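Undergrad: okay, sequence plus prediction incoming.
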Amino acid sequence: MQLHKQAAWPFTLAHMNTLAKLRAHLLPPLDLAYFREGALNMAPVTVAIASWGLVTGVAMVKSGLTVPLAVIMTLTVFAGSAQLASLPLLAMGAPLPVIWISAMVVNLRFVLFSAASREYFASLSWQKRLFAAYLNGDIGFALFMQRFGSASEKGTAAQWGFFFGGATVNWCAWQSASIAGIFLGGLVPSAWGLELAAALALTAVLIPMAANLPALLGVMTAGALSVITTAIPLKLGLLLSVVVGVIVAVVSEPLAHWTQKKRILSEDAQQD
């Protein structure tokens, strides 16, 4: 018995050392106060995130994926829109390149997210940037830019703490609900209308984030196109809607800034 305890203790220490090294490779220095702030800011939207994760988990099983494959997919892909876009293609046996391209197009907005937040993470190693990219999400990015979008200094422990605090809560809410949906998939009746409930929950979260003109134009464009293009096969109309909506938002951003600047200069001139 004593020998067993002596053998187990170094094994535990080895695992602790491995975890410490892994943390050093994947996480930058974090300000714990801002980590808590980021987590608290993300907490109110976890109901919507969990609702969507639950629906995605159920959809993966109902589309024909086995439980182990569905768990692997939700842990590695961690992108609800890409997962839901690829599931019908997987179910109908579409070629893998079509599935990959569809998932990539749905997630093109993350290219813009990465470009917008590049200066905050540019000083980190590629492993840490890659891990941050894996954890990044729509709501987390929006909250981060609301908090630090106008910061003069970029790439601080406070900013990293806030980002990873929110991202941790987001990841845990999504994965726990998604895995629950995977295991409960066969028990959840379609009549419950979980898809509608999740869509309404996410809509309630996202509407306040469309607070400026470019975001509003992008959302309206994507929404209108998604209705017009419903007849396009393989749900490619949804992909087209996302891409066009993102383009409209990006193109209108400089115009909105120019209009605001012109209005401010005009007001200053009237005061003079």
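TA: Arrived safely, thanks for sending. Residues are numbered from 1 along each chain as shown.
Undergrad: hey, where'd the helices end up in the stretch 101-250 of the chain?
TA: Applying DSSP state H, counting those that start in this stretch to the stretch 101-250 of the chain gives helices spanning 109-116, 118-121, 126-135, 138-148, 157-184, 194-206, 213-228, 236-271.
Undergrad: just tell me which of these ends up closest to Val55.
TA: Closest to Val55 of those, according to Cβ to Cβ: helix 194-206, at 4.3 Å. For glycine as for every other residue, the C-beta is placed from the backbone atoms N, C-alpha and C.
Undergrad: report the mean confidence score over the closest one.
TA: For helix 194-206, the mean pLDDT works out to 54.
Undergrad: number of nearby residues for the residue nearest to Ala82 when sequence neighbours are not counted?
TA: The shortest distance from Ala82 to any non-neighbouring residue, by Cβ to Cβ, 6 or more residues apart in numbering, is to Ala103 (4.0 Å). Ala103 has 19 neighbours, counted by other Cβ atoms under 10 Å.
Undergrad: how much space separates Ala103 from Ala79?
TA: Ala103 is 7 Å from Ala79, where distance means Cβ to Cβ, to the nearest Å.
Undergrad: swap in Val169?
TA: On the measure of Cβ to Cβ, Val169 and Ala79 end up 17 Å apart.
Undergrad: swap in Val55?
TA: 14 Å.
Undergrad: next one: Phe164
TA: 18 Å.
Undergrad: show me what contacts Ser117?
TA: By Cβ atoms under 8 Å, 6 or more residues apart in numbering, the contact set of Ser117 is 136, 141, 144-145.
Undergrad: surely Thr230 touches Gly237?
TA: Yes: contact status for Thr230 versus Gly237: in contact at 5.9 Å, counting by Cβ atoms under 8 Å.
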